[in-house]
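*Asks:* requesting a structural model of the entry that follows:
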Amino acid sequence: MDLNSASTIVLQVLTQATSQDTAVLKPAEEQLKQWETQPGFYSVLLNIFTNHTLDVNVRWLAVLYFKNGIDRYWRRVAPHALSEEEKTTLRAGLIANFNEPVNQIATQISVLIAKVARVDCPRQWPELIPTLLESVKVQDDLRQHRALLTFYHVTKTLASKRLAADRKLFYDLASGIYSFACSLWNHHTDTFLQQACRGDEAAATNSLERTLLSLKDTYCYYIFQGFLHAVFERLKQFLECSRSIRAENVCRDRLEKTIILFTKVLLDFLDQHPFSFTSLIQRSLEFAVSYVFTEAGEGVVFERFIVQCMNLIKMIVKNYAYKPSKYIEDSSPETIEAHKIKTAFFTYPTLMEICRRLVTHYFLLTEEELTMWEEDPEGFTVEETGGDSWKYSLRPCTEVLFIDIFHEYNQTLTPVLLEMVHSLQGTTNMEDTSAILIKDAVYNAVGLAAYELFDSVDFDQWFKNQLLAELQVSHNRYKPIRRRVIWLIGQWISVKFKSDLRPMLYEAIRNLLQDQDLVSCAMCIIFLNGFLPVDDFEFRTDQFLPYLESMFTLLFQLLQEVTECDTKMHVLHVLSCVNERVNVQIRPYVGCLVQYLPLLWKQSEEHNMLRCAILTTLIHLVQGLGADSKNLYPFLLPVIQLSTDVSQPPHVYLLEDGLELWLVTLENSPCLTPELLRIFQNMSALLELSSENLKNCFKIINAYIFLSSTEFLQMYAVDLCRSFCELLKDITTEGQVQALKVVENVLKVNPVLGPQMFQPLLPSVFKGIIDGERYPMLMSTYLGVMGRVLLQNTSFFSLLLNQMACELGQELDQILGNIIEMWVDRMDNITQPERRKLSALALLSLLPSLNGVIQDKFCGIIHVTLEGLYDVMTEDPETGTYKDCMLMSHFEEPKVTEDEEPPTEQDKRKKMLALKDPVHTVSLQQFVYEKLKAQQELLGEQGFHALMETVDTEVVAQLQEFLQGF
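*Replies:* Numbering: from 1, shown residues only. Below is the predicted model of the structure:
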């Protein structure tokens, strides 16, 4: 590509690619994509983005295309790789000038230089580092800044390489330029401090920018501990400097960023090289504790710095590298040394002061928080907890530090905390706001340390004697304590709380839910979220029932009052848990909620997570209402339709819960309605997804089959069979088992029409048996499907046998012999007693017969029969006779205890189906007798005797024992 002629063309296309008109944009993008592999294209791009007279957007696009090209075509082994000659030219052009005037483009150029350096430096690009070092020395501000920026990105990229050879190269490189990098950092730092003291804001801001960049450069070399020791001194200087720089000063923000970067250097080094950090433990702890827990930090520290210092203390306290083994001789010398330094530092006075300051200073609710409580109570309740919030936010950070220190030094700190608790006995003076806030903070500490205080606090007595009384104080100023006490009980309830006290607690919660203060109500919701779920084994329904009506009503009122999605989700979750806990006993109280949910669903159109919470609530409502849930269908079915329609964008969020709601709706449905049948149109697309939701999809199909197989299959059997045939080609073996279980249920429910409807699928099942499928569960399912066909639709089995003989080019008898032989051989693959009995019944159904193949396999059929008898026959100890334990003669409503879930409509349908199933209606003992008798009559006494002689005498004796009395 000739550069002069090409530049004009490429420039024109790049200009078109910045257009907002898609008709212009798309062809331009296509053209640029074609040019990506053309020799000389990147040289043209370099000329364009280094030409400062061109449009910024065009230059920006050129640099982006260049950067992306490095990823794809720079390495020698890449397809369409750039030639070495062009790369040499490009490398020279990239570092010819550091004078890019636009910050964003300058950053992109620095990043792309770093990308090239990752591949080529230092072997193919030895001049890069010397050029950068020379450029950062120049007096021109712009060139110096751009060179520093590039230097930072290059060193950061090279430092990130992990192969041993690359690490060695970087270490050699760092050793050579470390002194220069440090001197550069020191120079810019000193310049900034001097200018800041003189009050020269503009110059100080400029110098601080360079200090920040040079610190980032030096940061990559923290393997040199001299630099780390210097960090502490510089930190102190910057913190003292911050006293004289007002908040509104333009460089205040950058100053704080620089201080945070200093602390990040220490934190990263500690995280990556804990043993190398040992010599810095003492100094780090002294520095952090002095600024965060003594007067030294007053007027200097700011929130983000406090968080970083606390994280530094936490990482040292909790670092497993610094914890000796149970047997000290098993610990490394480095671990013992670090542990000694920690132990020497954390003396009783130091720990006591840290504990007291954390509780009485950092745990206190701030003015901003109290104001937010009053002005935006719902916003206040959405606490930033969990995950990594402790790394960035002050309150989570202080609490996590307290937990870790208390866990590590609980024997020292337990008396300190208990003394604070004892000093706060009784109700606090309402006029003393500071005393109320102190009590709130101390109770917070006791909750956080609940597990550590297990043996030191009689929480049951404390609850009865003090905490319960404090929950009943209704004064407005006491609301922080009411909120904190209910939170405190939530922390202790899983640690140490007698179940006999729960009714008193329910009473207190009910009263709090009537509180005018929304924050206290919200804390009740959080508390209820914690102990209502089914994994709380101490929960007793009988204790909760007296409060069910009032609690449910109050929760519903709260759901209507709150406006934030998060709060509504919490309330809905509690309502769902209540529903799940009490099940059918919820029915008298859900009318109001049922009427409100359609409105809430409509209001939450833009809030998919709230809609997920509504779906969960509906799931538990349907389970609680049982067959009465049919009254919800006008609202329920459109919700299921939307949630499970993969063509609708919300399905990304709603599908999982929507499928579960669909399933429980079917399970509890008394009958199939046209609307419920119509929703199944969504299933075809869901099966095509072959996602983790496939299992639920199969359950839904089964539910339709049990609900009304004839109607359902007449409408959807063809599509379903087609979907299954496609699905079975590319899903896991476990998925195939689940799919074939659906087919097995079809055959069970509809033995006459079922095989015809799923005829295209059955040859693969037949072939799987003959080929001896290796996976036992799949083979068992194959035999279950074929057993249903053979036992309940013999004529169709004959047609299938003929079809397979034609397809495989074998004799009919040969195919029949092969399948019986494999069936007998793989009987042990079948583990379910129902399927084992089914196999025995199915193979026996081939008798009586004059067919030579069946008579040849007679011995095997008897073996399978005997195994089936052993599985299902139980001996009556009084009479000594045997009976089939799987026989069912009539349907009985099971007796359900208060704590058990009542049977769903589907459970009842399955029981009724079992009454028609040969496995549960035909006595295997009698069936064997009748079939053998018929075979005897067909062959005559002599012929039958000869047939029985093919069976082992011991097997015959065992069979005769089962058949006594016939």
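*Asks:* got the phi and psi for the closest residue in space to residue 335 that isn't next to it in sequence?
*Replies:* Nearest non-adjacent residue to residue 335, counting by C-beta to C-beta, 6 or more residues apart in numbering: residue 324, 5.6 Å away. Where C-beta positions appear, they are placed from N, C-alpha and C, glycine not excepted. Phi and psi for residue 324, reported as degrees, to the nearest 10, are phi -70, psi 160.
*Asks:* what do you get for residue 606?
*Replies:* phi -100, psi 0.
*Asks:* tell me how far it lies from residue 650.
*Replies:* Per C-beta to C-beta, to the nearest Å, residue 606 is found 10 Å from residue 650.
*Asks:* which of the two has more neighbours?
*Replies:* residue 650 (15 against 8; other C-beta atoms under 10 Å).
*Asks:* what sits against the more buried one?
*Replies:* Residue 650 sits next to 608, 611, 642, 643 when contact means C-beta atoms under 8 Å, 6 or more residues apart in numbering.
*Asks:* and residue 901, how many neighbours?
*Replies:* 12.
*Asks:* which ones are touching it?
*Replies:* Each residue near residue 901 by C-beta under 8 Å, 6+ apart is listed here: 583, 623.
*Asks:* try 10 Å
*Replies:* 580, 583, 584, 623, 624, 907 (C-beta atoms under 10 Å, 6 or more residues apart in numbering).
*Asks:* and what of residue 780?
*Replies:* Neighbour list for residue 780: 737, 740, 773, 826-832, 835-836, 839 [criterion: C-beta under 10 Å, 6+ apart].
*Asks:* one more time with 8 Å, if that's ok
*Replies:* Per C-beta under 8 Å, 6+ apart, neighbours of residue 780: 829, 830, 831, 832, 835.
*Asks:* which residue packs closest to the second one, ignoring adjacent ones?
*Replies:* Looking back up the chat, that one is residue 830. The spatial neighbour of residue 830 that comes closest, neighbours along the chain excluded (C-beta to C-beta, 6+ apart), is residue 780 at 4.6 Å.
*Asks:* could you check which helix or strand contains the residue lying farthest from the centre of the chain?
*Replies:* The C-alpha centroid of the chain is most remote from residue 942, which lies 70.4 Å away (C-alpha atoms, centre = their mean). Using DSSP states H and E, residue 942 sits in helix 924-948.
*Asks:* after the worst-scoring helix or strand of the chain on mean pLDDT comes which helix or strand?
*Replies:* The weakest-scoring helix or strand in the chain, judged by mean pLDDT, DSSP states H and E, is helix 201-219 (a mean of 60). The helix or strand immediately downstream of helix 201-219 is helix 225-244, counting by DSSP H and E.
*Asks:* same for that following helix, what does it pack against?
*Replies:* Identification of packing neighbours for helix 225-244 by 3 or more C-beta pairs under 8 Å, 6 or more residues apart in numbering; DSSP states H and E yields helix 164-198, helix 252-272, helix 278-293.
*Asks:* which stretch in those has the least confidence?
*Replies:* With a mean of 67, helix 164-198 has the lowest mean pLDDT of these.
*Asks:* ok, now how distant is the residue nearest to residue 830 from residue 914?
*Replies:* Where residue 914 is concerned, residue 780 sits at a distance of 20 Å (C-beta to C-beta).
*Asks:* which one of the contacts of residue 650 has the most neighbours?
*Replies:* The most neighbours of any of the contacts of residue 650, using other C-beta under 10 Å, belong to residue 643, which has 26 neighbours.
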